[in-house]
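Participant: Task: produce atomic coordinates for the following.
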Amino acid sequence: MAVAGQERDAVRFVSGNITLPVWLFAALAILAIWAALEHLLNPLLRRAIRWRAEVVLSELGSKLHLPITQFKLARRQALIERLYHDDKVQTALQRSVEEAGLSLREARQRADRYAREIVPSFNAYLYFRIGYWLARAIARSLYRVRVGYADERALSAIDPKSTVVFVINHRSNFDYVLVAFLAAERTALSYAVGEWARIWPMQTLIRAMGAYFVRRNSGDPLYRAVLQRYVQLATEAGVTQAVFPEGGLSIDGAMRMPKLGLIDYILRGFDPAGTRDVVFVPVAVNYDRVLEDRSLVRKLDPHPAPVGLGRAMRNTLEFVLQQLGLRLVGRWYRFGYACVNFGLPLSLREHSRELDWRSAPDAQRQERVQALGTELVNRIKMVMPVLPVALMSKILLERPELALSALELKARAFELQQELAARGAKLYIPRGDQDYAIEAGLRMLLLRHFVSEENGLYRIVPENSRLLTYYANSISHLFSRPE
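Facilitator: Below is the predicted model of the structure:
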């Protein structure tokens, strides 16, 4: 009986007298599989992906308006080592030892961890074949995607040796997908993402797409020094970047005051007499429907009830199932238009006017940084797409207590369109048909129950008036009088 029990609980090797417990055999098998993956399959997979990336780059050739730099194509470990051993990072590391009371070993470990956290691992195959395909498929399935306005002459006049930085308003988390999709025919973007994206396996894909992770509110001077040097090294190497100066999503629909941390990092490393200029390209994004609109507007409540992770996941699942149900019965519509406009580029060399950002006194530099940020935000606002939902929301909120006929709404829409056009605003008129644009905006508002219709009269649904305000605010600055 004892022998039978041992045979049930152990694996006996026939060729010898060694007996292993089942748990130990299972552990050894797992380790063997892990070793095979780590030392055999993973290197083969990385080599295959690298080979495909080289094929993609050779196919793209000169098709890209802004070429991909060698810095962006360098191996991630080489960039980590370069960043870690940078003189300014080492100086900050030593300062951490002296001022923060860290041991030299602790400071080195922190700097190495920060470098590995920040540095991306760009792969051209994943970016241009998989990422671009996914972004295009998702964007086109949800929205009617349009580039409404772009000054091609000004964009084409940018010196190819310049570092181009796209400065974008942050309307939705979908901005990352939309902008990457629309910019893929010009270049590969590098952009900062918050800690929300550091979720496996999302972080691996995002890092392979060229994005780098940023701790928005880190108070560690060593971390800020490592991040600053990475941004400066990428800028010096000509890496095309995308920056969202608002630092977060607008909760009321209007553009937020800019947070210029990343732009300030770029300025601190800029040499006005150097061979490479930095050119900021303002980009304005607007949607007929922002996916997060209800959760964003909810934050306007003085004391909003907390929403746990479980409730958030349930709400998301309910939304997805609802959209699938509408699609199955043939009543689903895309979420209107998503439009991107490109504003007038700004040359940092011309804007600096002999100011050396690297050695300027703090007070002067901060004043000039704020002035630059204000100018960039104003250029974004000037080219903000005026979409059907925003325009109709603006009209309905002018007289919220009244029920208006379609004829009254159209007459007012024509007036506002003429006023905006005279101000130089960038209206997007679907199909070039003003009547259709108004109908498309009204249909979206009716579908979302922002507006009700009875006997040919349209009235605001009171409980959704804040959402109308949210969409109207996206273009409200276009009606303000210049000071």
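
Participant: Going by C-alpha atoms from here, please, whenever you check contacts or count neighbours.
Facilitator: Will do.

Participant: What strand or helix carries E117?
Facilitator: helix 104-118 (DSSP states H and E).

Participant: Give the buried residues for that helix.
Facilitator: Counting neighbours by 16 or more other CA atoms under 10 Å, one finds that the buried residues in helix 104-118 are 107-108, 110-112, 114-118.

Participant: got a list of contacts for that helix?
Facilitator: Residues from elsewhere that reach helix 104-118 (CA atoms under 8 Å, 6 or more residues apart in numbering): 80, 83-84, 89, 93-94, 96-97, 212-214, 222-223, 226-227, 230.

Participant: so where do the strands sit in the stretch 101-250 of the chain?
Facilitator: Ranges of strands within the stretch 101-250 of the chain are 144-150, 163-168, 190-193, 212-213, 241-243, based on DSSP state E, counting those that start in this stretch.

Participant: so can I have a markdown table of those showing mean neighbour count, mean pLDDT and distance to P462?
Facilitator: Output for the strands of the stretch 101-250 of the chain, formatted as a markdown table (neighbours: other CA atoms under 10 Å; pLDDT from 0 to 100; distance: least, CA to CA, whole Å):
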| stretch | mean neighbour count | mean pLDDT | distance to P462 |
| --- | --- | --- | --- |
| strand 144-150 | 17 | 91 | 29 |
| strand 163-168 | 24 | 94 | 32 |
| strand 190-193 | 22 | 83 | 36 |
| strand 212-213 | 24 | 85 | 41 |
| strand 241-243 | 23 | 92 | 37 |
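
Participant: L442: which of those is closest?
Facilitator: strand 144-150 (16.3 Å; CA to CA).

Participant: Which strands border that closest one, and is each parallel or antiparallel?
Facilitator: With DSSP bridges as the test, strand 144-150 is paired with strand 337-342 (parallel).

Participant: Report pLDDT for L104.
Facilitator: Note for L104: predicted pLDDT of 91.

Participant: ditto for the one 4 residues further on
Facilitator: Listed pLDDT for R108 reads 94.

Participant: do the same with N123
Facilitator: Here the pLDDT value assigned to N123 is 79.

Participant: That one - how many residues pack around it?
Facilitator: Counted with other CA atoms under 10 Å, the neighbours of N123 add up to 24.

Participant: Distance of Y287 relative to F174?
Facilitator: Distance, Y287 to F174, by CA to CA, to the nearest Å: 10 Å.

Participant: what's next to the biggest strand by length in the chain, contact-wise?
Facilitator: Assignment by DSSP state E gives strand 278-287 as the longest strand of the chain. Outside of strand 278-287, the residues within contact range by CA under 8 Å, 6+ apart are 158, 162-171, 175, 235, 270, 336-349, 376-377, 379-381, 383-387, 474.

Participant: Just the buried ones from the residues you listed?
Facilitator: Buried among the contacts of strand 278-287 by 16+ other CA under 10 Å: 158, 162-171, 175, 235, 270, 336-349, 376-377, 379-381, 383-387, 474.

Participant: Quick check: nearest residue in space to E246, chain neighbours excluded?
Facilitator: Distances taken as CA to CA, 6 or more residues apart in numbering place P258 nearest to E246, at 4.5 Å, with adjacent residues excluded.

Participant: check contacts around I80.
Facilitator: Contacts of I80 (CA under 8 Å, 6+ apart): 112, 115-116, 119.

Participant: Same question for A421.
Facilitator: Remark: with contacts taken as CA under 8 Å, 6+ apart, A421 is in contact with L427.

Participant: Could you look up the next helix or strand downstream of the host helix or strand of it?
Facilitator: Using DSSP H and E, the element containing A421 is helix 406-422. Counting by DSSP H and E, the next helix or strand C-terminal to helix 406-422 is strand 426-427.

Participant: For that next one, give me every contacting residue.
Facilitator: 148-149, 382-387, 417, 420-421.

Participant: Point out where the stretch 51-200 of the chain drops to low pLDDT.
Facilitator: By pLDDT under 70, the weakly predicted segments of the stretch 51-200 of the chain are 51-66, 185, 195-200.

Participant: mind listing the helices for it?
Facilitator: Taking DSSP state H, counting those that start in this stretch, the helices of the stretch 51-200 of the chain run over residues 70-73, 76-84, 87-99, 104-118, 124-125, 132-142, 152-156, 175-183.

Participant: The last one vs helix 132-142, what angle?
Facilitator: Put plainly, it is helix 175-183. 110 degrees (axes from the mean of the first three to the mean of the last three CA atoms, to 10 degrees).

Participant: who touches helix 175-183?
Facilitator: Taking CA under 8 Å, 6+ apart as the rule, helix 175-183 contacts 132, 135-136, 139, 188-189, 285.

Participant: returning to what we had before: output the helices of the stretch 51-200 of the chain as a markdown table; include the columns distance to K426.
Facilitator: Compiled in a markdown table, the helices of the stretch 51-200 of the chain are given as follows (distance: least, CA to CA, whole Å):
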| stretch | distance to K426 |
| --- | --- |
| helix 70-73 | 34 |
| helix 76-84 | 41 |
| helix 87-99 | 44 |
| helix 104-118 | 37 |
| helix 124-125 | 34 |
| helix 132-142 | 22 |
| helix 152-156 | 15 |
| helix 175-183 | 18 |
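
Participant: so how far is D356 from the most centrally placed residue in the chain?
Facilitator: For the chain, the residue nearest the mean C-alpha position is Y176 (3.3 Å; CA atoms, centre = their mean). Distance of Y176 to D356, given as CA to CA: 32 Å.

Participant: With R153 instead?
Facilitator: R153 is 29 Å from D356, by CA to CA.

Participant: which one of the buried residues of helix 104-118 sits closest to R276?
Facilitator: I118 (23.9 Å).

Participant: any weak-confidence spans in the stretch 251-400 of the chain?
Facilitator: In the stretch 251-400 of the chain the weaker segments, taking pLDDT under 70 as the threshold, are 305, 307-309, 312.
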